[in-house]
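Participant: mind looking at a prediction? Sequence and model below.
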Amino acid sequence: MLNKKGIIILLIILINSFTFSKTENKQDVEQRYVELVIESVMNLIDENFVLTYEKQDKVTKEKLLQGALKGMISVLDDPHTTYFEKKELESFEEDMEGEFVGVGMVINKKQDEALLVVSPIEDTPAFRAGIKPKDRILEINGESTIPLTSEECQKKLRGAKDTTVNIKIYRESIDKTIDITLKRDIIELKYVKSKMLDNKIGYVRLTQFSSNVSKDIEKSIINLKKQGMKGLIFDLRTNPGGQLAEAIKVASLFIKEGKIVSMKDAKGKEYVYKREGDYLGDFPLVILINEGSASASEIVSGAIKDYKRGLLVGEKSFGKGSVQNIFYLANGDGIKLTIAKYFTPNGESIHEKGIMPDVEVKEKDDFLFFEGTLTNVEESSLEETKHEIIDAIGKSEGEEKKKELEEKKDEQLIMAESILKGIILYNTK
């Protein structure tokens with residue numbers, strides 16, 4: 001510990017350094033004060049701290065600075081604001097490019113709470129294991145997630161291909177905890193899928209709003225229109241969001257004029273984003289949403305609902321109405337910081353409230369070993385999943401589970417098709 005003399009000297013240094021001329025404004029003084037306090041504490045630790053445990057590494061000033069910055073972020077208590085060290089930032093950017101090794105789920109973390117699943121990513125280990133939006137991951141490899149940061153949880157879920165990770169989840173809807181072992185794999189994100197259903201109803205599914213997906217969505221819809229499409233189902237279920245710019249472009253494909261979304265920053269300044277690009281026509285439209293539809297998915301769904309351009313079918317969306325931006329630091333680290341709240345065209349904030357569908361259809365069926373998510377897996381992936389079940393639990397029980405899987409019905413999709421059939425029939429008459 002410092003003696004009294006050392007403390008007095010430190011206080012004198014602080015006081016002397018804090019004296020300023022009349023020409024200095026309050027902001028300059030505050031900045032000098034913060035810099036001085038951080039530097040003083042770092043020097044105290046550097047000169048006086050003694051390592052007392054074998055596993056401790058010598059603390060560098062760079063590590064101390066990172067710790068101070070992470071501490072500032074934690075005080076914000078915002079699950080969407082994150083401090084990335086250089087390697088973590090590179091990993092985050094790789095995710096946005098569309099390929100990484102992991103278990104395949106978008107996660108959220110509040111301070112002193114268990115890790116929250118926003119959405120499993122389709123056709124991934126987490127998805128096939130039946131992980132659902134709003135599941136709470138209580139433990140990763142036996143360690144509680146409550147004291148961990150979002151980055152620490154992500155590190156524990158990541159790893160080499162074909163290695164396993166054990167998680168314990170809590171599912172509120174059935175009031176149960178479930179132990180699951182996931183095998184890590186290369187996660188290749190196929191963002192856009194499309195096909196023609198019966199009665200000339202087009203179907204397009206978007207799994208994430210990443211770079212240039214609006215172009216792929218536009219191409220898919222144009223191709224369906226060439227095939228005689230009379231109505232469209234746009235599936236945004238378990239879509240955790242992504243880039244704001246892509247959300248605006250995708251919504252613009254369906255909305256002829258007006259604003260798509262507005263944002264308000266920390267100073268209350270409003271930014272209005274109007275539609276842009278091509279408009280693809282006024283064909284009948286149904287948007288599928290569920291509790292895993294978040295952020296950019298809610299921007300599109302909110303605009304469609306406010307303009308009465310189509311009907312929303314499914315379950316209430318996740319409720320993430322905030323906007324983040326990446327700020328790059330001189331040392332190669334970065335901060336993903338919440339910079340604004342967004343509002344639907346009618347001025348509604350959906351943050352922590354979500355968007356209610358026009359037609360509510362609850363997901364009822366179980367998936368695989370317990371309640372889970374199954375939304376329009378491609379036939380090839382579905383067949384692979386059936387074989388995986390048989391390999392995992394034995395031929396006799398596996399065949400039974402395979403049969404159950406084949407008999408499952410996507411009630412939300414069936415409802416969307418029924419609505420469009422009725423609209424198309426009415427328009428024809």
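Facilitator: Yep, that arrived. Numbers count the residues shown, from 1 in each chain.
Participant: residues contacting Val359?
Facilitator: Neighbour list for Val359: Leu311, Leu312, Val313, Met415, Ile419 [criterion: CB atoms under 8 Å, 6 or more residues apart in numbering]. (C-beta placed from N, C-alpha, C; glycine too.)
Participant: are any of those buried, and if so which?
Facilitator: Leu311, Leu312, Val313, Met415, Ile419 (16 or more other CB atoms under 10 Å).
Participant: the last one reaches Gly310, doesn't it?
Facilitator: I take that to be Ile419. No. Applying CB atoms under 8 Å as the test, Ile419 and Gly310 come out as separate, 9.8 Å apart.
Participant: overlap in contacts of these two?
Facilitator: Common neighbours of Ile419 and Gly310 are listed as Val286 (criterion: CB under 8 Å, 6+ apart).
Participant: buried residues in the longest helix along the chain?
Facilitator: Determined from DSSP state H, the single longest helix within the chain is helix 26-48. Under the neighbour-count criterion of 16+ other CB under 10 Å, helix 26-48 has Met42 buried.
Participant: which strands or helices does it pack on?
Facilitator: If you count contacts as 3 or more CB pairs under 8 Å, 6 or more residues apart in numbering; DSSP states H and E, helix 26-48 packs onto helix 4-18, helix 61-75.
Participant: just how off-centre is it within its chain?
Facilitator: 36 Å (CA atoms, centre = their mean, to the nearest Å).
Participant: could you give the angle of it to helix 61-75?
Facilitator: 130 degrees (axes from the mean of the first three to the mean of the last three CA atoms, to 10 degrees).
Participant: can you give me the distance of the residue lying closest to Phe254 once chain neighbours are set aside to Leu253?
Facilitator: Nearest residue to Phe254, sequence neighbours excluded (CB to CB, 6 or more residues apart in numbering): Arg309, at 5.5 Å. Using CB to CB, to the nearest Å, one gets 11 Å for the distance from Arg309 to Leu253.
Participant: what about those two, which has more around it?
Facilitator: Leu253 (19 against 15; other CB atoms under 10 Å).
Participant: the closest residue to the more buried one other than its chain neighbours and Ser91: what is the separation?
Facilitator: Nearest-residue entry for Leu253: Leu280, 4.9 Å, with adjacent residues in sequence omitted and distances by CB to CB, 6+ apart. Distance, Leu280 to Ser91, using CB to CB: 36 Å.
Participant: Pro345 now?
Facilitator: Here Pro345 is placed at a distance of 35 Å from Ser91 (CB to CB).
Participant: and the protein, split by domain according to the record?
Facilitator: Domain assignment of the chain by automatic domain parsing yields the ranges 4-50+57-75, 82-188, 192-363+410-428, 376-406.
Participant: can you redo those as CSV with mean pLDDT?
Facilitator: Shown next, in CSV, are the domains of the chain (pLDDT from 0 to 100):
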stretch, mean pLDDT
domain 4-50+57-75, 73
domain 82-188, 87
domain 192-363+410-428, 94
domain 376-406, 47
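Participant: neighbour count: Pro345 and Ser91, which is higher?
Facilitator: The neighbour comparison of Pro345 against Ser91 (other CB under 10 Å) goes to Pro345, with 23 against 18.
Participant: for the closest residue in space to that one that isn't next to it in sequence, give me its contacts.
Facilitator: Distances taken as CB to CB, 6+ apart put Asp306 closest to Pro345, at 4.4 Å, once the chain neighbours are dropped. By CB under 8 Å, 6+ apart, the residues touching Asp306 are Thr344, Pro345, Asn346, Glu348.
Participant: state the distance from the last one to Gly302.
Facilitator: Read that as Glu348. 7 Å.
Participant: between those two, which is the more surrounded one?
Facilitator: Gly302 (26 against 14).
Participant: which SSE is the more buried one in?
Facilitator: Assigned by DSSP states H and E, Gly302 belongs to helix 296-306.
Participant: just the C-alphas of that helix, formatted as CSV.
Facilitator: Extracted in CSV, the C-alpha atoms of helix 296-306 (Å, rounded to 0.1, in the frame of the first residue of the first chain):
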residue,chain,number,x,y,z
ALA,A,296,-33.2,-5.3,-39.4
SER,A,297,-36.0,-7.9,-39.8
GLU,A,298,-38.1,-5.7,-37.6
ILE,A,299,-37.3,-2.6,-39.7
VAL,A,300,-38.7,-4.3,-42.8
SER,A,301,-41.6,-5.9,-40.9
GLY,A,302,-42.5,-2.6,-39.2
ALA,A,303,-42.5,-0.7,-42.5
ILE,A,304,-44.6,-3.3,-44.2
LYS,A,305,-47.1,-3.2,-41.3
ASP,A,306,-47.3,0.6,-41.1
